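Novice: sequence first, predicted coordinates after that:
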Amino acid sequence: MRQEIRIAGFGGQGIILSAVITGKAAAIYEGKEATVMENYGPEARGGACSGTIVIDDTKVDYPYCTHADIMAIMSKASYTRFRPDLKEGGVLLIEEDLVDLDKDDNALVYKIPATRFAEELGNKIVTNIIMLGFMIGVTEFVSYESMKSAILGTVKARFRELNDKAYNRGFEYGQLAKR
Amino acid sequence: MTAVITGTHFLTGNDAAAEGAISAGCRFFAGYPITPSTEIAERVSRRFPQIGGSYIQMEDEIASMCAILGASWAGVKSMTATSGPGYSLMLENIGLGVMMETPTVVVNVQRGSPSTGIPTSVGQSDVMQARWGSHGDYEVIAISPNCPQECYDFLIKAFNFSEQYRVPVTVLMDECVSHMSEKVVIPKEEEIKLFNRKKPKDKPEKHLPFKPDKDMIPPMAAAGEGYKIHVTGLTHDYKGYPVMSAECHEPLVRRLCDKIRNNVKKITLIEEYKTDDADVLVIAFGAVSRSAMTAVKIARERGEKVGLLRLITIWPFPDHVIQAYAQKVKGFVVAEINYGQVLYEVQRCARTDNVVAHVPLTGGRLHSPEEILDGIKEAGK
């Protein structure tokens, strides 16, 4: 079954990398088909940035995300831009310090202070990995192990421990949030 | 680091194209990085030093094209990667490559055009340029992948075609495919089928470098192998020396064209989906073929007899395939990210009573399946 996921924020948050890691988790470690598309402006930092992942059991045809089943949003601007594309009944995950929800937003929302958690771990650079952990903790659209393997198989060896901690921090927070 | 990185990877189309070139045995790249092809140059510049290849960032695309022709005559498989604006500059020397019968590969990752256009977004408007962009009568080969796995596979095919037919081959990619990440399986080195240019078997003193074999293709010696080599863009005889006569020009130009034209069926690569009983046939290539596939599946669910013909080989145009379908189907739908290019080829091959619906986009985005469904409706009327 086709599943669409969008991860969005601003340049520098590791948005594209987290989309690629998610694709890898599904395609390499989960044995499904996955297509990752990236979208960003000419700016290296700060501009709007989004990555989409389409997961399917057979080869993905149309490669773009039209109505996301899952959306992880890490900036106010991307919330405004992409929220209308969340599927009815879809799951919305937000970086709670960076996104103010509209008062009438009736989506199923899960919130996490991912940037603060990353700072507590000593490096803001793992904010995206905390978000990935949170996403899997809540939705488990790929297994805990598949995502972990994709993360550790992607990051440089000297950052593995930090990323492992970040992933688990997000995952556990997601598991708690689900209850 | 081994040249062929056997295994299952998750790569962008650009990264996969670079690996395909490496697996094909390419060891020389001269280029001028340009969005959306830049990552090919980046990856090659990192990878080539590990495997004994040479990467040169040139002053422009004109020089890049010259350098890869020269490298090929030194006996090395060579390539460059660019986008529309750079491809325009390369075309004069692509013609030189045709005249000198030089195997080489040019990747053109198409973006929204004309001119510098919309650099970071998709386009497919260099189709006719790839065929007619250089001056004179000539034939070239152009193939178009629609996913990263094919970016890998088709770079190998492109090198094989260029080596077999001694002609520059263009890989017509598009931004959508180049920046898309998917699973790419790279086989074991011994499972990769490579075609290497024919070498002369005669003695150096008797060798005529442009005397063709029965297949119309002359064997090719590299500079430094002991054979006398003279290559020129001027009309030349079997020795490779300029001869300014119609008697020499006519058979040469005919042969340059016919060595491709007479092998159209061997060069044609297509993908067909539900075409057997189709009343309407959607024709698309590159990224658009993926929207077209979704559209055709939706139409089939509705019970409509619609099929998809994906062109992989764009040039030489597979006239025989379209002509055969023209006898069977009511209408064609041509979906492409340009304002009418493959359309004209299809119209040329269609019967007068075939409806040929066109779904053009001028660049910047990919068709939605719904837009192609509108074309299907029109062609089915």
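Specialist: That came through fine.
Novice: what's B:G52 in contact with, if anything?
Specialist: Neighbour list for B:G52: B:R27 [criterion: Cβ atoms under 8 Å, 6 or more residues apart in numbering or on different chains]. The way it works is simple: take the backbone N, C-alpha and C, and place the C-beta from them, glycine included.
Novice: got the residues of the stretch 101-250 of chain B near chain A?
Specialist: The stretch 101-250 of chain B has residues B:T120, B:C147, B:C176, B:H179, B:M180, B:S181, B:E182, B:K183 near chain A, with proximity defined as Cβ under 8 Å from any Cβ of the partner chain.
Novice: now tabulate these in a markdown table and tack on secondary structure, pLDDT and distance to B:G286.
Specialist: Below are those laid out as a markdown table (DSSP: H, G, I helix; E, B strand; the rest coil; pLDDT from 0 to 100; distance: Cβ to Cβ, whole Å):
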| residue | secondary structure | pLDDT | distance to B:G286 |
| --- | --- | --- | --- |
| B:T120 | strand | 90 | 17 |
| B:C147 | coil | 98 | 10 |
| B:C176 | helix | 98 | 8 |
| B:H179 | coil | 97 | 13 |
| B:M180 | coil | 98 | 11 |
| B:S181 | strand | 98 | 17 |
| B:E182 | strand | 98 | 15 |
| B:K183 | strand | 98 | 19 |
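Novice: tell me the buried residues within those residues.
Specialist: B:C147, B:C176, B:H179, B:M180, B:S181, B:E182, B:K183 (16 or more other Cβ atoms under 10 Å in any protein chain shown).
Novice: can you pull the domain assignment for chain B?
Specialist: B:7-191, B:271-380 (automatic domain parsing).
Novice: follow-up on the earlier one: would you format the residues of the stretch 101-250 of chain B next to chain A as JSON lines with distance to B:T275 included?
Specialist: Listed next are those as JSON lines, based on distance: Cβ to Cβ, whole Å:
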{"residue": "B:T120", "distance to B:T275": "35"}
{"residue": "B:C147", "distance to B:T275": "20"}
{"residue": "B:C176", "distance to B:T275": "24"}
{"residue": "B:H179", "distance to B:T275": "30"}
{"residue": "B:M180", "distance to B:T275": "25"}
{"residue": "B:S181", "distance to B:T275": "30"}
{"residue": "B:E182", "distance to B:T275": "25"}
{"residue": "B:K183", "distance to B:T275": "27"}
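Novice: list just the one of the domains of chain B that sits closest to A:P113.
Specialist: For those, proximity to A:P113 was assessed by Cβ to Cβ; domain B:7-191 is nearest, at 29.1 Å.
Novice: can you tell me the distance between the two ends of that closest one?
Specialist: End-to-end distance of domain B:7-191 (Cα to Cα, to the nearest Å): 13 Å.
Novice: what's the answer for stretch A:112-131, then?
Specialist: Distance between the two ends of stretch A:112-131: 8 Å, counting by Cα to Cα.
Novice: do that stretch and chain B meet at all?
Specialist: No: against chain B, stretch A:112-131 shows no contacts by Cβ under 8 Å from any Cβ, the least distance being 15.8 Å.
Novice: got the contact list for that stretch?
Specialist: With Cβ under 8 Å, 6+ apart, stretch A:112-131 has contacts from A:7, A:13-15, A:17-18, A:72, A:74, A:93-98, A:134, A:151, A:155, A:162-163, A:165-167, A:169-170, A:173-174, A:177.
Novice: distance from the helix or strand containing A:C49 to the middle of the chain?
Specialist: Using DSSP states H and E, A:C49 sits within strand A:48-56. Computed by Cα atoms, centre = their mean, to the nearest Å, the chain-centroid distance of strand A:48-56 equals 9 Å.
Novice: now it - C-alpha only, CSV.
Specialist: Taking C-alpha atoms only, strand A:48-56 is exported to CSV below (Å, rounded to 0.1, in the frame of the first residue of the first chain):
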residue,chain,number,x,y,z
ALA,A,48,12.3,26.6,3.1
CYS,A,49,13.2,23.0,2.8
SER,A,50,11.3,19.8,2.5
GLY,A,51,11.8,16.1,1.7
THR,A,52,9.2,13.6,0.8
ILE,A,53,9.2,9.8,1.0
VAL,A,54,6.8,7.6,-0.9
ILE,A,55,6.8,4.0,0.3
ASP,A,56,5.1,1.1,-1.6
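Novice: adjacent strands (with direction) for it?
Specialist: The pairing partners recorded for strand A:48-56 under DSSP bridges are strand A:3-10 (antiparallel), strand A:33-40 (antiparallel).
Novice: of those strands, which stretch is the most buried?
Specialist: strand A:3-10 (a mean of 25; mean count of other Cβ atoms under 10 Å in any protein chain shown).
Novice: quick one: is the next helix or strand after it near chain B?
Specialist: Using DSSP H and E, the helix or strand that follows strand A:3-10 towards the C-terminus is helix A:15-24. Yes: shown here: helix A:15-24 in contact with chain B (Cβ under 8 Å from any Cβ) through A:V20, A:G23, A:K24.
Novice: which member of the residues you listed is positioned nearest chain B?
Specialist: Taking Cβ to the nearest Cβ as the measure, A:K24 is the one of the residues of helix A:15-24 next to chain B closest to chain B, at 4.3 Å.
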